[in-house]
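Novice: What follows is a predicted protein model with its sequence.
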Amino acid sequence: KNLHLGRMIFSTSILCILLLQACSSQSNLTRTSFSCPEDNFDFEGSDISGILDVPSWEQCGQICALTSTCVAWTWEKTFKKCDLKASMNGARVSTCCVSGTRECQGF
């Protein structure tokens with residue numbers, strides 16, 4: 001009886017380790033879809049330009065849509081700065097910002 005219980009605990013432990021490895025490797029995958037907008041999210045780097053005094057994330061999204069090379073945008077909440085992005089590389093959680101793809105314009 002103890003041997004069977006020991007095997008069951010060992011098997012469960014191995015399964016947990018394998019699941020943890022699978023989950024952690026999936027967290028490193030590149031995301032291909034995003035909510036509109038992604039609050040507390042930043043596309044770090046790949047800046048085309050930074051535009052000051054943009055009053056809302058919606059307007060930042062509209063500026064991106066009008067810019068042919070813009071793929072995504074990040075609106076910095078505190079500074080009301082719109083950062084236009086050439087790629088979605090550098091996607092990360094950050095309380096600084098609201099971000100979106102070119103299609104995310106708030107209407």
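Specialist: Yep, that arrived. Numbers count the residues shown, from 1 in each chain.

Novice: can you point me to the longest strand in the chain?
Specialist: strand 91-101 (DSSP state E).

Novice: any idea of the pLDDT on the most centrally placed residue in the chain?
Specialist: With distances taken as Cα atoms, centre = their mean, the residue of the chain nearest its centroid is Ala91 (4.2 Å). pLDDT, Ala91: 94.

Novice: What count of nearby residues applies to Phe34?
Specialist: By other Cβ atoms under 10 Å, the residues close to Phe34 number 17. (Glycine included, C-beta is placed from N, CA and C.)

Novice: quick one: it from Ala65, how far?
Specialist: Separation of Phe34 from Ala65 (Cβ to Cβ, to the nearest Å) stands at 15 Å.

Novice: cool, Ser56 as well?
Specialist: Distance from Ser56 to Ala65, by Cβ to Cβ: 14 Å.

Novice: Same question for stretch 63-83: list its buried residues.
Specialist: 63-64, 70-76, 80-83 (16 or more other Cβ atoms under 10 Å).
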